[in-house]
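Enquirer: Compute the structure for the input listed below.
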Amino acid sequence: MNKQALVGAFVVGGIGLGVAAFVLFGNFHPFTRMEKAVLIFHGASSGLSVGAPVTFRGVQVGAVDKVVIEYNPQTRDAYIPVYVTMRPDNITLTNSSAHHFPTIRDLVSQGLRGEMNLKSFVTGSSEIDLDFAPDTPAVMHPDIATLTEIPTKQSSIQAMTQTLQNLPFKELGDNANATLAAVRELSDKLDRDMPTLIESIRATSDHSRDMIDASRDLVTHLQPELEHTLNSLNRLADAGSDQLTARGKELQALLLSSNQTIQKAGESLNNIQSITSPRSADRANLEASLRDIAAAASALRGFANDVERNPQLLLTGRH
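Expert: The predicted model follows:
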């Protein structure tokens, strides 16, 4: 009986150690609240398999239980429902009063969203990443989801893949081919026209060199004449300066004489004005003399008329 009891205790101990190891190192947590949910992706889910981790900002909060395909023959749309088991107790909501453990539905109402990201570039495996994104619209699929649904959003890798898929590669290829054809045509045209162009440039260069040589010879020939002309101009300028210097005194004397003459003319005008003034005595005397001269002229005219009628008056005189 002691041996059987010892064997029984050993067996019970082994079972206990196995259960403890399964609880500690496995995904079985008998005392943790577990909840199931589904994430529905519209598109490919390459690399996602059963057992893939579900993380929240790098912290694992669950695992993938099942990946199925939902296909609608009428719309030809394929959806990938991913069923997961989560431990929401790992996430708490904080308010002003106390902490409380939310349900998955509570987390979704707070803006919980899921996306599929590549876990390893080497193995190509993927995982589900959760995060709060209340600005992202919650697109639900009530006709597909049988559990609490966590809305999904497009990951950066999926957005990049979709962008690459939407690129018009055929149009880009056609444009590249057209560009290469244009470059080839331009190259052929340059090959044909380049020798002629080079020959024309060479001829133009030779002609320009001849013109430069001719201009150099002309400048060399005209240089002595230009120097002689410049020397003559210098001598003329010097002579002009000397003439101006020599005639400066004469011009000054001429200007002084002109000023004196103008002053005398002004004085004469003043005298004439004073003589011709109505109240001037000289004018009165002049007018009296003019009257006397006029009377004398009238007497002479009368005497001349008498002499003309009787010439003897010159001998006998008037009686």
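
Enquirer: what packs against the one helix or strand residue 179 maps to?
Expert: Secondary-structure assignment from DSSP states H and E places residue 179 in helix 169-275. Applying 3 or more Cβ pairs under 8 Å, 6 or more residues apart in numbering; DSSP states H and E, we find helix 169-275 packed against helix 281-309. Quick note: C-beta positions are derived from backbone N, CA and C, even for glycine.

Enquirer: thinking in terms of the whole chain, how far from its middle is the helix it packs on?
Expert: 107 Å (Cα atoms, centre = their mean, to the nearest Å).

Enquirer: what is the orientation angle of it with helix 169-275?
Expert: Relative orientation of helix 281-309 versus helix 169-275 (axes from the mean of the first three to the mean of the last three Cα atoms, to 10 degrees): 70 degrees.

Enquirer: what stretches of the stretch 1-150 of the chain score poorly on pLDDT?
Expert: By pLDDT under 70, the weakly predicted segments of the stretch 1-150 of the chain are 1-14, 16-33, 88-100.

Enquirer: how about the helices of it, start to end?
Expert: Applying DSSP state H, counting those that start in this stretch to the stretch 1-150 of the chain gives helices spanning 2-25, 104-109.

Enquirer: got the domain boundaries for the chain?
Expert: 32-166, 168-298 (automatic domain parsing).

Enquirer: Now that we have those domains, can you turn them into JSON lines and tack on distance to residue 309?
Expert: Listed next are those as JSON lines, based on distance: least, Cβ to Cβ, whole Å:
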{"stretch": "domain 32-166", "distance to residue 309": "146"}
{"stretch": "domain 168-298", "distance to residue 309": "17"}
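
Enquirer: quick one, which of the ones you listed is packed in tightest?
Expert: Burial among the domains of the chain, expressed as mean neighbours by mean count of other Cβ atoms under 10 Å, is greatest for domain 32-166, which shows a mean of 15.

Enquirer: chain center to that one: distance?
Expert: 46 Å.

Enquirer: okay but residue 127 is in contact with residue 49, surely?
Expert: No. The criterion here is Cβ atoms under 8 Å, and residue 127 misses it with residue 49 at 10.0 Å.

Enquirer: show me the contacts for residue 147.
Expert: Listed by Cβ atoms under 8 Å, 6 or more residues apart in numbering, the contact partners of residue 147 are 36-38, 83.

Enquirer: again, 6 Å this time
Expert: Contact analysis of residue 147 by Cβ atoms under 6 Å, 6 or more residues apart in numbering lists 36-38.

Enquirer: can you check residue 152 too?
Expert: With contact set as Cβ under 6 Å, 6+ apart, residue 152 has these partners: 39, 41, 114.

Enquirer: Name the nearest of those relative to residue 203.
Expert: The nearest member of those to residue 203, counting by Cβ to Cβ, is residue 41 at 73.4 Å.

Enquirer: In space, what's closest to that closest one - neighbours in sequence excluded?
Expert: residue 80 (4.5 Å; Cβ to Cβ, 6 or more residues apart in numbering).

Enquirer: Then residue 48?
Expert: residue 126 (4.4 Å).

Enquirer: who's the closest residue to residue 147 other than its chain neighbours bridged to?
Expert: Nearest residue to residue 147 in three dimensions, chain neighbours excluded: residue 38, at 4.6 Å (Cβ to Cβ, 6+ apart). Judged by DSSP bridges, the bridge partners of residue 38 are residue 83, residue 149.

Enquirer: so who does residue 38 touch?
Expert: 81, 83, 145, 147, 149.

Enquirer: how close does residue 126 get to residue 84?
Expert: Plainly put, residue 126 is 13 Å away from residue 84 if you go by Cβ to Cβ, to the nearest Å.
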